[in-house]
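Chemist: task: produce atomic coordinates for the following.
(2 chains)
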2 protein chains.
Amino acid sequence: MLDVAILGLGTVGSGVLEVIEKNSDAISQSAAQEIRVKYILARRDYPGAPFEKLVTKDFSVIENDPDVRIVVETIGGVDAAYEYTKRSLMKGKSVVTANKELVATHGYELTQLAKKNNVNYLFEASVGGGIPIIRPITQCLAANKIKEIYGILNGTTNFILTEMIKKNLSFETALKRAQERGYAEANPEADIKGYDVCRKICILAALSFGRHVYPRQVKTEGIESVTLADIAYAEKLGCRVKLLGRAIHREEDGKITAYVAPHLVDEDNLVASVEGVMNGIIVRGNAIGDVMFYGAGAGKLPTASAVVADVIDAAKHIGARKWLSWEDGSDEIIYDSDLLENAWYVRTASPKEEIEKRFGDVETIEGDGERVFITPVMNRYALDEKLAGLNIRAAFRILR
Amino acid sequence: MLDVAILGLGTVGSGVLEVIEKNSDAISQSAAQEIRVKYILARRDYPGAPFEKLVTKDFSVIENDPDVRIVVETIGGVDAAYEYTKRSLMKGKSVVTANKELVATHGYELTQLAKKNNVNYLFEASVGGGIPIIRPITQCLAANKIKEIYGILNGTTNFILTEMIKKNLSFETALKRAQERGYAEANPEADIKGYDVCRKICILAALSFGRHVYPRQVKTEGIESVTLADIAYAEKLGCRVKLLGRAIHREEDGKITAYVAPHLVDEDNLVASVEGVMNGIIVRGNAIGDVMFYGAGAGKLPTASAVVADVIDAAKHIGARKWLSWEDGSDEIIYDSDLLENAWYVRTASPKEEIEKRFGDVETIEGDGERVFITPVMNRYALDEKLAGLNIRAAFRILR
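Modeler: This next block holds a predicted model:
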């Protein structure tokens, strides 16, 4: 019998309760012991609920109960979650979470703290919801040097883009639909502006390359600038518009570059076929080549199932360290993503002559008072220099 | 320092040597110790090769050297591989392999033997080459009850079907091209007839559902009967022809059904977009929903990287058991796959009236002296009864 406390009873927290109950046989068998929820930390009472007696408002009750070996943090954010995680680890309890913001911001410190206290800090659910990705990177691909990792890491924005592509809805209408279905929050900023993807790519970069990458080091662009016109031109070019998080380990100098931006992705790339709220993450290793992990990137039960898998793993590794941690980051190890070279999709209201003056003989697709073209391969600074003075409506990287 | 012996120096064995050398830093760091190849069991000498002095022709040298804690079996087949695996496990050595035939045939016995000797028998590379699949099923999805697992498990046949679809090549020409490129063996029977997929679905079923499923219990159909006509009709129906291995756990009675057959897969299903030599495997869990694992399902380095990841894992778990094993199989737990119901694609030279007499009002697509139609949902026996007396050219299951 192993006692667990759940902090927070929002979507993920209540999903964890549900999965532990629903699959208790399979879970006990995997963990080789019964897993019991002893406490639930919540701000209010739940009179009449089957778990009514488990609820406490006082974290110190959990902190000071030596029977609680595993704490599931589903509070979110970096305030109380950060404090309770530290206090739990210091008390020798393993902590499991889906909190990408906390891992992206304080992951280095928290994994070190876990190491010092000989416990585990596990966060499989922080990236890709229920899709197995953290453990495959650190274990299954351990014989590879990982060169690059990229993909669709946010279901909300991918749903919006898919609605725009498939149903010809405007960004605003698609966003509204996402909110109606519960895929986007009332304040959708973290999704739409790419912050959520930024946090996830930080975590993936740390695991893949061994150094912490902080969100402030990742240039981040969301999908607000994507229009139906871009979607239509992309289709003519054999591409789909996708919001990608991307992190690359440079062999030349060992530096890391990471960024978040909309891309035109070639429709032969499997990532282009990842639709709706699904996520798809490509990992490129020097031995394995490209592998992709695909599935529901969010949602109550998928995310909860990843949290519970970590609980099982933590239960099997009580008293043993499960994960290697990574080293701290620094600005010296970061390579400016605007120096990455690729072809660019450009939409402009300027005349063809002006384009050809700067880019030479390029093919254009003519639209309504505007045209699009694809540039030669160049970095962002070179692009901006060439585009200066033109009337530019959109400029996205192309991923072939 | 941990000593390893490699049995066999074919494609996978030499790939393992190469990966261990190429990524030695990353591997030592992951394994928290240096991994050294001490012996290579081979049938001949390799004068002048850098590993010349490691070669031995005598397995008992390896068997009786207590320094060798991990044996990498890359011999293949079930004869010498079976014997050496048993002898290694009995001597307290962990064994790592990519040998799907051996695991599918004797996996229950060998995992039991490993358990008895407190060592590990690991076989991540036996399914999906380098794609992480075995570990994600047993660990990351541990909080799920797995309901179904299916996918494209053989790169050779998928390459042939892709060439037929994309380049309009006949089966024979596509097979020849696969052989020229080294994707298909001179004797391609194990791939073409579906035996390879059969072994892999046996392993996946055992891991997912906890009972051994033996190859003889899996009805297996290859791709020889697929023609260019079928490919073209499938396209008109919004589908692609794919060879699938599929295993289902029936909630009603706890029975397992597994089979291998060509299917018409709806082009919106991500599996339909898995092209060339790639593999794609869908796992359906009761909490996570569908997840897909995609990557190179064969090839020297991808497969070797999965083998080496297992070596690292075995090194980290010396003296500890890594895997739960499964229970033995029996004919009582198998549900006849021909009782599974779905719509069928039928190609026939019989006239439309004959079809309508048996199936009622169905739409047909007319071809050259033949026609195709889609049946209502029914099982194989009901289908065969209805088709009796018709001139049938093809009948494939449809996966929507």
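Chemist: apart from its neighbours in sequence, what residue is nearest residue A:300?
Modeler: Nearest residue to residue A:300 in three dimensions, chain neighbours excluded: residue A:15, at 4.0 Å (C-beta to C-beta, 6 or more residues apart in numbering or on different chains). (Glycine included, C-beta is placed from N, CA and C.)
Chemist: ramachandran angles for that neighbour?
Modeler: Backbone torsions of residue A:15, given as degrees, to the nearest 10, read phi -60, psi -40.
Chemist: do the one 5 residues further on as well
Modeler: For residue A:20, the backbone dihedrals are phi -60, psi -40 (criterion: degrees, to the nearest 10).
Chemist: does it touch residue A:31 like I think?
Modeler: No. Between residue A:20 and residue A:31 there is no contact, the gap being 10.6 Å when judged by C-beta atoms under 8 Å.
Chemist: residue A:158 - that's part of a strand, no?
Modeler: No. Secondary structure of residue A:158 (DSSP: H, G, I helix; E, B strand; the rest coil): helix, not part of a strand.
Chemist: got the contact list for the residue sitting nearest the centre point of chain A?
Modeler: For chain A, the residue nearest the mean C-alpha position is residue A:200 (3.0 Å; C-alpha atoms, centre = their mean). If a contact means C-beta atoms under 8 Å, 6 or more residues apart in numbering or on different chains, then residue A:200 has A:100, A:104, A:126-128, A:153-154, A:245 as its contacts.
Chemist: ok, now with 6 Å
Modeler: Residue A:200 is in contact with A:100, A:127, A:153, A:245, counting by C-beta atoms under 6 Å, 6 or more residues apart in numbering or on different chains.
Chemist: neighbour count winner among residue A:20 and residue A:31?
Modeler: Neighbour totals were compared for residue A:20 and residue A:31, and residue A:20 leads with 22 against 19 (other C-beta atoms under 10 Å in any protein chain shown).
Chemist: and the pLDDT for the more buried one?
Modeler: As predicted, residue A:20 sits at a pLDDT of 95.
Chemist: how about the one 5 residues further on?
Modeler: The predicted local distance difference test score for residue A:25 is 87.
Chemist: and it, what element?
Modeler: Per DSSP states H and E, residue A:25 falls inside helix A:24-31.
Chemist: give the next helix or strand downstream of that helix.
Modeler: The C-terminal neighbour of helix A:24-31 among helices and strands, as given by DSSP H and E, is strand A:35-41.
Chemist: about what we covered before: any idea how far residue B:326 is from the residue nearest to residue A:300?
Modeler: Using C-beta to C-beta, to the nearest Å, residue A:15 is found at 28 Å from residue B:326.
Chemist: which strands and helices sit next to the helix holding residue A:25?
Modeler: helix A:300-316 (3 or more C-beta pairs under 6 Å, 6 or more residues apart in numbering or on different chains; DSSP states H and E).
Chemist: could you check the angle strand A:35-41 makes with the helix it packs on?
Modeler: Interaxial angle, helix A:300-316 versus strand A:35-41 (axes from the mean of the first three to the mean of the last three C-alpha atoms, to 10 degrees): 110 degrees.
Chemist: so residue A:6 touches residue A:13, yeah?
Modeler: Yes. With contact defined as C-beta atoms under 6 Å, residue A:6 reaches residue A:13; the gap is 5.2 Å.
Chemist: so if I had to pick from those two, which one is more boxed in?
Modeler: With neighbours defined as other C-beta under 10 Å, residue A:6 and residue A:13 compare such that residue A:6 has more, 30 against 24.
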